[in-house]
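K.L.:
Could you work out the structure for the sequence below:
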Amino acid sequence: MYKVDTIEYIPDFFDSVFCVNNADSVQIKLVNTTKILTGAPESFVQLERESRIIYKHKYESDIECVPRNLYGRFISGWRVFDFKTITIDSLPHASFTVVDSVCQETPVLFNNTSTGSSSSLWMFGDGASSLLTSPIRSYTSSGLYTATLEISNALGCTDTAMRSVLVLPHNLTGLIVAGGPLKFCEGDSVLLSSSISGGYPAYNYLWSTIETSSSIWANQTGNYNLEVMDSKGCFIRTANTNVLVKTKPHRISLVIKTFVPITTTPML
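P.N.:
So this is what the prediction gives:
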């Protein structure tokens, strides 16, 4: 005589993955939806109606959750399970790089190095904000500002990073000093030197002649100017210095031919 084991229970459940802001874990809500067929004793089903799993491995992914002890039943010594794989993306980790000090009005790159995010919100500490991934902006006033980056992912998980930026006053000044007359004849030249004060050394120079030294020799007619940038990004461009090179007069050689008339006396 054979005994037929009739399945009287259909195990099933659904999951819901969510995150609490700024938490270091993802919560997985598991709701038991096991069907108990008519006539089957519910007391045989060893399960919980609702459970939660706290997933705290912040930077891993593709985790298989197998709730073995939550969903099952004993029938003649047999246990019936339902299995599902739940994939959990990495939690967001906010980070960025930016210079620690910069001259006012100088463009600054806020380089987003975050992981596990789908959106970014920047707050620069001066009332301005941005939704760009890695924005570039400048500060109009000197002072100490706290830049904040808040990132989030599709589960609603967020993370925040903050860094301070010291904005320095722009006090760089400069002009061109000529070492001699600015008007001279061709073949001569004049030394043009930079006179820089303030700012935050060292200085970088760029003349209108594309030379990069602190002084140059000018031997052609033209307008000469100089661009200077210091180590913190303060920038100036000097006024034009006009150089006029005069052309030397050329010596002209003249050949003068003199004709002397010859008088002949007739012979007698």
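K.L.:
so who does Ser129 touch?
P.N.:
121-123 (Cβ atoms under 8 Å, 6 or more residues apart in numbering). Every residue, glycine included, has its C-beta placed from N, CA and C.
K.L.:
run the last query once more with 6 Å
P.N.:
Going by Cβ atoms under 6 Å, 6 or more residues apart in numbering, Ser129 touches 122-123.
K.L.:
how near is it to Thr113?
P.N.:
To Thr113, Ser129 is 19 Å away according to Cβ to Cβ, to the nearest Å.
K.L.:
which stretch of helix or strand covers Leu121?
P.N.:
strand 119-123 (DSSP states H and E).
K.L.:
go on, Leu149?
P.N.:
Going by DSSP H and E, Leu149 is part of strand 143-152.
K.L.:
which helices and strands sit right next to that strand?
P.N.:
Secondary-structure packing of strand 143-152 (3 or more Cβ pairs under 6 Å, 6 or more residues apart in numbering; DSSP states H and E): strand 119-123, strand 158-168.
K.L.:
Which strand or helix spans Leu91?
P.N.:
Take DSSP H and E as the rule and Leu91 turns out to sit in neither a helix nor a strand.
K.L.:
Same check on His170?
P.N.:
When the helices and strands are read off by DSSP H and E, none of them contains His170.
K.L.:
Show the contacting residues for it.
P.N.:
Counted by Cβ under 6 Å, 6+ apart, His170 has contacts 103-104, 234.
K.L.:
before we move on, what about Gly199?
P.N.:
So Gly199 contacts 172, 230, 234 (Cβ under 6 Å, 6+ apart).
K.L.:
possible to save the residues you listed as a markdown table with distance to Ser208 and secondary structure?
P.N.:
Listed next are those as a markdown table, based on distance: Cβ to Cβ, whole Å; DSSP: H, G, I helix; E, B strand; the rest coil:
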| residue | distance to Ser208 | secondary structure |
| --- | --- | --- |
| Leu172 | 19 | coil |
| Asp230 | 19 | coil |
| Cys234 | 20 | coil |
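K.L.:
got any ranges where this structure has weak pLDDT?
P.N.:
Residue ranges of the chain with pLDDT under 70: 1-11, 13, 20-24, 36-84, 250, 252-268.
K.L.:
can we see that at 90?
P.N.:
Applying pLDDT under 90 to the chain flags residues 1-93, 116-118, 152-159, 186-187, 247-268.
K.L.:
where exactly do the helices run in it?
P.N.:
For the chain, no helices are identified by DSSP state H.
K.L.:
How many residues are close by the closest residue in space to Gly198 that isn't next to it in sequence?
P.N.:
Here the nearest residue to Gly198 in space, its sequence neighbours aside, is Asn171; by Cβ to Cβ, 6 or more residues apart in numbering that works out to 4.0 Å. As a burial measure, Asn171 scores 14 neighbours (other Cβ atoms under 10 Å).
K.L.:
go on, Leu226?
P.N.:
By other Cβ under 10 Å, the residues close to Leu226 number 27.
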